[in-house]
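Colleague: Would you be able to build a 3D model of this:
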Amino acid sequence: MKVSALTLVRDRREHLINLIVSLEAQQQRPDELVIAWMQPEPEIDLPPTHFPIRHVIVEGDALPLAKARNQAVDASSHEALIFLDVDCIASPALVARYRNALAQQPALYIGEVHYLPANAVSYHADGTLDLARLAMLGERHPARPAINEQEIRFEPDHGNLWGLSFALMRQDHQRAGGMDEGYIGYGGEETDYAWRLAAADVPLYWVGGALAWHQHHPMYAPPWPHFEAIIANARRFYQRWEQWCMEYWLNQFHEAGAIRWSPEADGIEVLRQPTQQEISTARLPASARYG
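Modeller: Next up, the predicted model:
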């Protein structure tokens, strides 16, 4: 079974290079990498690989995440798809574990992601990643289960899909209607996609051994820089599903007095925009691995 790895990029050159190096070092390399560039031009001088790299330019000033994922699928050559966030570094068995799982049963598969602190990524003198250092420093998110390396575990709640690392077959992506490109900017599109897949009867499983390490980047709690996108996307999600997503963030905005909202409400009233002081204060220290 041939596999296409897919990733989305905007202003993440160093992280992308680390991802590409980790894919080149796989026990079983992907058969291609598709990069959906959410920026005017691709980066140049990327690391050499034994697999082809395809490039697609995705238009849109706000982060067109759903559109970029759909265009990456359209540009891919193979039926088995592995989506990897550009912030990920793939452990050596990741592609093989996803490929074997998809070959046994078409489904939606998610692997573990361990979060790295700042300045965790380093290289040996021969140009290979220091994987032992990543394994030592990586930390599992407390909301995620620990999975045995050889385990495949059924997950009944599609809401547990996180878009950092997952795999499925093209036909299931298409049967679910792909991602809804009406979600613009950050937030909501992955949960909507997960629910579309659930509605299309695509089962969800955890895959042990398909570990990725998440590279550190600046974070905000609450995510004030994405305030308008989160509100708009939450409204879109509610319109379709008559339930809310991103409730944790919406509650933070509500408690700060920026919106009027509750989990029982059928709408969101914006009371004010975040201040520059709130945005600055919400930036987490470099020691924070996740929001």
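Colleague: what's the burial count for Gly177?
Modeller: 14 (other CB atoms under 10 Å). Using the backbone N, CA and C atoms, a C-beta is placed for each residue, glycine as well.
Colleague: what does Val207 give?
Modeller: Val207: 26 neighbours (other CB under 10 Å).
Colleague: Repeat that for the one 5 residues further on.
Modeller: The criterion is other CB under 10 Å. On that basis, Ala212 has 23 neighbouring residues.
Colleague: For it, give its distance to Leu94.
Modeller: Computed as CB to CB, to the nearest Å, the Ala212 to Leu94 distance reads 6 Å.
Colleague: shared neighbours of these two, anything?
Modeller: Here Ala212 and Leu94 have Gly111, Ser165 as joint contacts, going by CB atoms under 8 Å, 6 or more residues apart in numbering.
Colleague: Could you chop this structure up by domain?
Modeller: Under the assignment automatic domain parsing, the domains of the chain span 3-214, 224-282.
Colleague: Out of those, which is closest to Ala288?
Modeller: Closest approach to Ala288 among these (CB to CB): domain 3-214, 8.7 Å.
Colleague: pLDDT (mean, whole number) over that closest one?
Modeller: Averaging the model's pLDDT scores along domain 3-214 yields 96.
Colleague: Would you check how far apart Gly178 and Ala75 are?
Modeller: Gly178 is 13 Å from Ala75, by CB to CB.
Colleague: Tell me, how many residues neighbour the closest residue to Arg133 other than its chain neighbours?
Modeller: Once flanking residues are discounted, Arg133 sits nearest to Ser122: 5.9 Å by CB to CB, 6 or more residues apart in numbering. Using other CB under 10 Å, Ser122 has 9 other residues around it.
Colleague: same deal with Val202?
Modeller: Val202: 20 neighbours (other CB under 10 Å).
Colleague: Next: Phe51.
Modeller: Phe51: 16 neighbours (other CB under 10 Å).
Colleague: just use 206 as the starting number from now, easier for me
Modeller: Let's use 206 as the start, then, which means that last one is Phe256.
Colleague: For it, give me its contacts.
Modeller: Counting by CB under 8 Å, 6+ apart, the residues that Phe256 touches are Leu228, Glu229, Arg234, Pro235, Asp236, Glu237, Leu238.
Colleague: before we move on, which element is it in?
Modeller: Using DSSP states H and E, Phe256 is not contained in any helix or strand.
Colleague: and it, how far is that from His283?
Modeller: 11 Å.
Colleague: repeat for Ala461
Modeller: 46 Å.
Colleague: do Ala404 as well
Modeller: 25 Å.
Colleague: Those two: who's more crowded?
Modeller: Under the neighbour definition other CB under 10 Å, Ala404 and His283 were set side by side, and His283 has more, 17 against 13.
Colleague: wait, what's in contact with that one?
Modeller: By CB under 8 Å, 6+ apart, the neighbours of His283 are Lys207, Val208, Ser209, Asp236, Glu237, Arg375.
Colleague: Equivalent analysis for Val261, please.
Modeller: Val261 neighbours (CB under 8 Å, 6+ apart): Val239, Ile240, Ala241, Trp242, Gln276, Ala277, Asp279, Ala280.
Colleague: and if you look at Tyr314?
Modeller: Counting by CB under 8 Å, 6+ apart, Tyr314 makes contact with Tyr303, Ala306, Leu307, Ile357, Phe371, Ala372, Leu373, Leu409, Tyr410, Trp411, Val412, Ala415.
Colleague: The third one and Arg375 touch, don't they?
Modeller: No - judged on CB atoms under 8 Å, Leu307 makes no contact with Arg375 at a distance of 10.5 Å.
Colleague: Identify the contacts common to these two.
Modeller: By CB under 8 Å, 6+ apart, the residues touching both Leu307 and Arg375 are Ala285.
Colleague: These two: who's more crowded?
Modeller: Leu307 (23 against 16).
Colleague: and the helix or strand where that one lies, how far out from the chain's middle?
Modeller: For Leu307, the host element (DSSP H and E) is helix 299-309. The chain centre lies 18 Å from the centre of helix 299-309; the measure is CA atoms, centre = their mean, to the nearest Å.
Colleague: what sits against the nearest residue to Ile389 once chain neighbours are set aside?
Modeller: Excluding the flanking residues, the one nearest Ile389 by CB to CB, 6+ apart is Ala267, at 5.0 Å. Counting by CB under 8 Å, 6+ apart, Ala267 makes contact with Ile389, Gly390, Ala434.
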